[in-house]
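Please find the sequence and the predicted model below.
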2 protein chains.
Amino acid sequence: MQKVNLNDKLSLFSDHWHPRIVGELNGQHVKLAKLKGEFIWHKHDDEDEMFFVISGQLKMVMRDETVVINPNEFYVVPKGVEHKPIAEEEVSVMLIEPASIKHTGDEKHELTKEKLEWI
Amino acid sequence: MQKVNLNDKLSLFSDHWHPRIVGELNGQHVKLAKLKGEFIWHKHDDEDEMFFVISGQLKMVMRDETVVINPNEFYVVPKGVEHKPIAEEEVSVMLIEPASIKHTGDEKHELTKEKLEWI
């Protein structure tokens, strides 16, 4: 593989809540996404999900707490924990999660992406 | 777990080639390290290793190519590939690799850390 420059890859798309795959290691995918607005409540029964914020401020709302994640910070949503990401202004994130993960867990929504592309 | 601020964690140590664990997901550890100078040639037979550069410039020398990794870039050294990281000036990196990985693979060296701590 080639090295990956986050800003170069982020310049290739502009739509929100549509992660792209940019790397892979040990069965995990590294993804980039732009987020704006409110996503839906969902959980992943078997997968931990790492959110690393590149720019903007991400609020990760969970049933018993909300974590505010700023640039150069990351948070791992543990498997089984319901969460709802909110981006009041546009946020760019790097995600690391198993390649097998489903975008919105068992929830189906118009925002749900069934298959993600590599860029 | 708490969210992790990379700069806060990096301020807690100053020694080189001594990664600290700052997160965990799906059997992978997220680590931070400061690098300066030349490390040793080694490989990990069963583990891919992701190097995300936070500051500085990292040269990843492999037998058939050298990849220069700048801030906001990452590179995955595939399992089995011999590599030798070189940091002419100090580099801060975030590493993602299986929790089971050995620091210098099967090589033993005075730089080898047998057990890494969480910070």
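Right, received. Where do you want to start?

all contacts plus neighbour counts: C-alpha atoms, from now on.
OK.

Would you mind listing the residues in contact with the residue nearest the centre of chain A?
Centroid-nearest residue in chain A, with CA atoms, centre = their mean: residue A:95, separated by 4.6 Å. By CA atoms under 8 Å, 6 or more residues apart in numbering or on different chains, residue A:95 lies in contact with A:29-33, A:49-52.

Swap in 7 Å and give it another go.
The neighbours of residue A:95, taking CA atoms under 7 Å, 6 or more residues apart in numbering or on different chains as the test, are A:30-32, A:50-52.

Which member of the residues you listed is positioned nearest chain B?
residue A:50 (7.2 Å; CA to the nearest CA).

my read: the closest one touches residue A:73, true?
No. The criterion here is CA atoms under 7 Å, and residue A:50 misses it with residue A:73 at 10.5 Å.

And the two? Which one has more around it.
Set residue A:50 next to residue A:73 and count neighbours by other CA atoms under 10 Å in any protein chain shown: residue A:50 wins out with 22 against 19.

That one: what secondary structure?
Assigned by DSSP: H, G, I helix; E, B strand; the rest coil, the conformation of residue A:50 is strand.

can you list the residues of chain A near chain B?
Proximity of chain A to chain B, by CA under 7 Å from any CA of the partner chain, involves residues A:2-6, A:25-26, A:47-48, A:72-75.

just to revisit the earlier point, most neighbours among the contacts of residue A:95, please name it.
residue A:32 (28 neighbours).

doesn't that residue fall inside a helix?
No. Read with three-state DSSP, residue A:32 is strand and lies in no helix.

so who does it touch?
Contacts for residue A:32 (CA under 7 Å, 6+ apart) come out as A:19-22, A:93-95.

tell me the strands in chain A, going along the chain?
A:4-5, A:20-25, A:28-38, A:49-55, A:58-62, A:66-69, A:73-77, A:83-98 (DSSP state E).

Just put these in JSON lines and tack on distance to residue A:11 and mean pLDDT.
Shown next, in JSON lines, are these (distance: least, CA to CA, whole Å; pLDDT from 0 to 100):
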{"stretch": "strand A:4-5", "distance to residue A:11": "10", "mean pLDDT": "98"}
{"stretch": "strand A:20-25", "distance to residue A:11": "12", "mean pLDDT": "98"}
{"stretch": "strand A:28-38", "distance to residue A:11": "11", "mean pLDDT": "98"}
{"stretch": "strand A:49-55", "distance to residue A:11": "13", "mean pLDDT": "98"}
{"stretch": "strand A:58-62", "distance to residue A:11": "20", "mean pLDDT": "98"}
{"stretch": "strand A:66-69", "distance to residue A:11": "22", "mean pLDDT": "98"}
{"stretch": "strand A:73-77", "distance to residue A:11": "21", "mean pLDDT": "98"}
{"stretch": "strand A:83-98", "distance to residue A:11": "11", "mean pLDDT": "98"}
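
To residue B:58, which of those lies closest?
Nearest to residue B:58 among the strands of chain A is strand A:4-5 (13.5 Å), distances taken as CA to CA.

mind listing what the closest one pairs with, with the direction of each?
strand B:73-77 (antiparallel) (DSSP bridges).

Contacts made by the partner strand with the rest, please.
Contact with strand B:73-77 is made by A:2-6, B:48-53, as judged by CA under 7 Å, 6+ apart.
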